[in-house]
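S.K.: here is my input, please return the structure:
(4 chains)
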Number of protein chains: 2
Amino acid sequence: MLMAGAEFARPIVTVDIVLLTLHEGRLCVALLPRSAEPFAGVPALIGGYLHTDEDADAEAAVRRILKAKAGLEGIFFEQLGTFASARRDPRDWSVSIAYFALVPRGALEGGASPLELRPVDAVGEMPFDHNEIIIAALERLRGKGAYSTIPARLLPEVFTMSELQAIYETVMGERLDQSAFRRKINDLDLLEVVEGEKRQTERARRPTTLYRLKTPVAVFDRRI
Amino acid sequence: MLMAGAEFARPIVTVDIVLLTLHEGRLCVALLPRSAEPFAGVPALIGGYLHTDEDADAEAAVRRILKAKAGLEGIFFEQLGTFASARRDPRDWSVSIAYFALVPRGALEGGASPLELRPVDAVGEMPFDHNEIIIAALERLRGKGAYSTIPARLLPEVFTMSELQAIYETVMGERLDQSAFRRKINDLDLLEVVEGEKRQTERARRPTTLYRLKTPVAVFDRRI
DNA sequence: AGAATAGTGTCTATTAGACAGTATATT
DNA sequence: AATATACTGTCTAATAGACACTATTCT
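M.R.: Predicted coordinates for the structure are as follows:
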């Protein structure tokens, strides 16, 4: 039995973020070369130590790290799971609270950071257990994606119905029927119309209604 | 920028388990009086420190704690989420890797431990953020429950179709049509028939086919 | 026979998928 | 008019829900 006040050697605690975005129609993870050993210089998930002196909670650490290392603020993220074992980090027993985050294409441009976008179907060998963490993120996106508006967070705030459908097709890896897709989206009452039209101009096309999500993330019962 | 090897004060890391079972037809959480300060003697979630010297990973810690504190082995559990903040524990910045576990009614009997079963709809005020953790566990059970055989882990290995239906009804909090339920379960091909029959004997009833899950946990697309 | 639960059949309403058709812009 | 995409309508198949019916045991 434990005595009151007895303590144990504490593990390392870090936060790692699987930041996903679309680049040239492919789903990509954002990687950053590690600034310190182990694996210094090797591209890895965006992450860092929990700063117990300044982070109020794990989400605060995520926000701090996203801002400092990728220049991002106000983007969607949610907890993915925690990877904790004696073996995952050569330094010590280590706990990584993993998050997955989505940004619209283009939100990463302009930042002068050495972010690398690597297609998720060709990430290659990653340091630590980052391959495993990325796989968990993809499962989450594909699983929850079909039942929520989470995939829409890969799009800018305002988008067309066709763009939304294309995102779901990419995330779920299958073609969707246009008519059924629109019917479901409308039935679920997720979107509101934004005034203004999008006009396509290479060759000639009918202008498009623009939409915005009514709520940041909606989860529903039915599959898209 | 961080220097190589720079470190930060490490937080406390614990594991907490929301152990759910059925007792008199109601869903209950198993609580244990805390053996040490803070909140010594107060019933709380089953949990404990991660032992970096003996636990290979977080799941090993869960198994160790379930065995030592509740006398349970081989039961279903899965990671729920991690609760990490400066405020959740009066001692220090604290990380709790929370798990949710299901046991059949009766698996808790015999153990002489001071386990208390408290109905989830009347848990009352709990120490730390344990109320929040319990709510997350219930959401998980109700959410994933409708799309998986997880609720069946509240039953013994062999059960009848009616028992299974009753479990889903309790978990999901709604009545289900018997015919539709059986049709879906059969279509999903989740169960195998166990030789032998269950005979009811208070008053007179037709004997029942017994079933077992084909796989420990199956997740499907369709709602039960 | 009667009670009690096990298990089946069937009708109808809803939802999904396929696919063709119409609409509206530019060149 | 031709083209390209936006958007709608409709038919059919699959699934869900309601509900009544039959089956098998014991007393």
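
S.K.: next, the angle strand B:12-23 makes with the top strand by length along chain A.
M.R.: In chain A, taking DSSP state E as the definition, the longest strand is strand A:12-23. Interaxial angle of strand A:12-23 relative to strand B:12-23 (axes from the mean of the first three to the mean of the last three Cα atoms, to 10 degrees): 80 degrees.

S.K.: ok, strand A:12-23 near chain B or not?
M.R.: Yes - Strand A:12-23 is in contact with chain B by Cβ under 8 Å from any Cβ of the partner chain, via A:12-13. Where C-beta positions appear, they are placed from N, C-alpha and C, glycine not excepted.

S.K.: packing partners of that strand?
M.R.: Here strand A:12-23 touches strand A:26-33, strand A:43-49, helix A:58-70, strand A:76-85, strand A:94-102, strand A:116-119, helix A:130-145, going by 3 or more Cβ pairs under 8 Å, 6 or more residues apart in numbering or on different chains; DSSP states H and E.

S.K.: of these, flag the one that's most buried.
M.R.: strand A:94-102 (a mean of 25; mean count of other Cβ atoms under 10 Å in any protein chain shown).

S.K.: what is the rounded mean pLDDT of that one?
M.R.: Over the span of strand A:94-102, the pLDDT mean works out to 98.

S.K.: how far off helix A:130-145 does that strand point, in degrees?
M.R.: Using the same axes, to 10 degrees: strand A:94-102 against helix A:130-145 is 40 degrees.

S.K.: just read off the phi/psi values of A:P104.
M.R.: Main-chain dihedrals, A:P104, degrees, to the nearest 10: phi -70, psi 150.

S.K.: surely it touches A:T21?
M.R.: Yes - using Cβ atoms under 8 Å, A:P104 makes contact with A:T21 at a distance of 7.1 Å.

S.K.: list residues touching both of these two?
M.R.: A:L154 (Cβ atoms under 8 Å, 6 or more residues apart in numbering or on different chains).

S.K.: what about the two, which has more around it?
M.R.: A:T21 (22 against 18; other Cβ atoms under 10 Å in any protein chain shown).

S.K.: so what's that one up against?
M.R.: A:T21 touches A:27-28, A:30, A:102-105, A:107-108, A:117, A:154, counting by Cβ under 8 Å, 6+ apart.

S.K.: against A:F128, how distant is it?
M.R.: 22 Å (Cβ to Cβ, to the nearest Å).

S.K.: neighbours around A:G71, how many?
M.R.: Around A:G71 there are 14 residues (other Cβ under 10 Å).

S.K.: that one reaches A:P114, doesn't it?
M.R.: No - contact criterion Cβ under 8 Å: A:G71 and A:P114 do not qualify, at 11.5 Å.

S.K.: so which helix or strand of chain A has the lowest pLDDT on average?
M.R.: In chain A, no helix or strand scores lower on mean pLDDT, DSSP states H and E than strand A:191-198, which sits at a mean of 90.

S.K.: where are the low-confidence patches of chain A?
M.R.: A:1-6, A:110-112 (pLDDT under 70).

S.K.: can you pull the residues of it lying near chain B?
M.R.: So chain A meets chain B at A:1-13, A:35-37, A:40, A:48-53, A:55-58, A:79, A:81-82, A:84-87, A:92-93, A:95, A:97, A:221, A:223 (Cβ under 8 Å from any Cβ).

S.K.: now a ChimeraX select for only the buried ones of those.
M.R.: If you want just the buried ones from these in ChimeraX, going by 16 or more other Cβ atoms under 10 Å in any protein chain shown, the selection is:
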select /A:8,10,11,12,13,48,49,50,52,55,57,58,79,81,82,84,85,86,93,95,97
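
S.K.: near DNA strand C too, which of the residues of chain A next to chain B?
M.R.: A:R223 (Cβ under 7 Å from any atom of the strand).

S.K.: if we can go back for a sec, which strands border the least confident helix or strand of chain A, and is each parallel or antiparallel?
M.R.: Partners of strand A:191-198 in the sheet, by DSSP bridges, are strand A:208-213 (antiparallel).

S.K.: got the domain boundaries for chain A?
M.R.: A:12-145, A:150-213 (automatic domain parsing).

S.K.: the residue of chain A with the smallest separation from DNA strand D and A:D189, how far apart?
M.R.: Closest to DNA strand D within chain A is A:S179: 2.8 Å, counting by Cβ to the nearest atom of the strand. Note on A:S179: its distance to A:D189, by Cβ to Cβ, is 18 Å.

S.K.: likewise A:F100?
M.R.: Taken as Cβ to Cβ, the span from A:F100 to A:D189 is 26 Å.

S.K.: excluding residues flanking it in the chain, which one is nearest the spatially most central residue of chain A?
M.R.: Compute the mean C-alpha point of chain A, and by Cα atoms, centre = their mean the closest residue is A:A101, 2.4 Å away. Leaving aside its chain neighbours, A:A101 sits nearest to A:F77 (3.7 Å; criterion: Cβ to Cβ, 6 or more residues apart in numbering or on different chains).

S.K.: now do the contacts for that neighbour.
M.R.: A:17, A:59, A:62, A:66, A:99-102 are the contacts of A:F77 under Cβ under 8 Å, 6+ apart.

S.K.: hmm, which two among those residues are most spread apart?
M.R.: A:E59 and A:L102 (15.5 Å; Cβ to Cβ).

S.K.: does A:F76 really touch A:P104, like I thought?
M.R.: No - counting by Cβ under 8 Å, A:F76 sits too far from A:P104 to count as a contact (9.7 Å).

S.K.: so what's in contact with those two at the same time?
M.R.: Common neighbours of A:F76 and A:P104 (Cβ under 8 Å, 6+ apart) are A:R153.

S.K.: and the residue nearest to A:A101, how close does it get to DNA strand C?
M.R.: 28 Å (Cβ to the nearest atom of the strand, to the nearest Å).

S.K.: how much space between that residue and A:A61?
M.R.: 11 Å.

S.K.: cool, A:P151 as well?
M.R.: From A:P151 to A:A61 the distance is 26 Å (Cβ to Cβ).

S.K.: still on that earlier bit, what's near enough to touch the residue nearest to the centre of chain A?
M.R.: A:A101 touches A:17-20, A:62, A:66, A:75-77, counting by Cβ under 8 Å, 6+ apart.

S.K.: what does A:E157 give?
M.R.: Counting by Cβ under 8 Å, 6+ apart, the residues that A:E157 touches are A:212-213.

S.K.: again, only using 7 Å
M.R.: A:E157 makes contacts with A:R212, as judged by Cβ atoms under 7 Å, 6 or more residues apart in numbering or on different chains.

S.K.: so where does it fall, helix or strand?
M.R.: Following DSSP states H and E, there is no helix or strand that holds A:E157.
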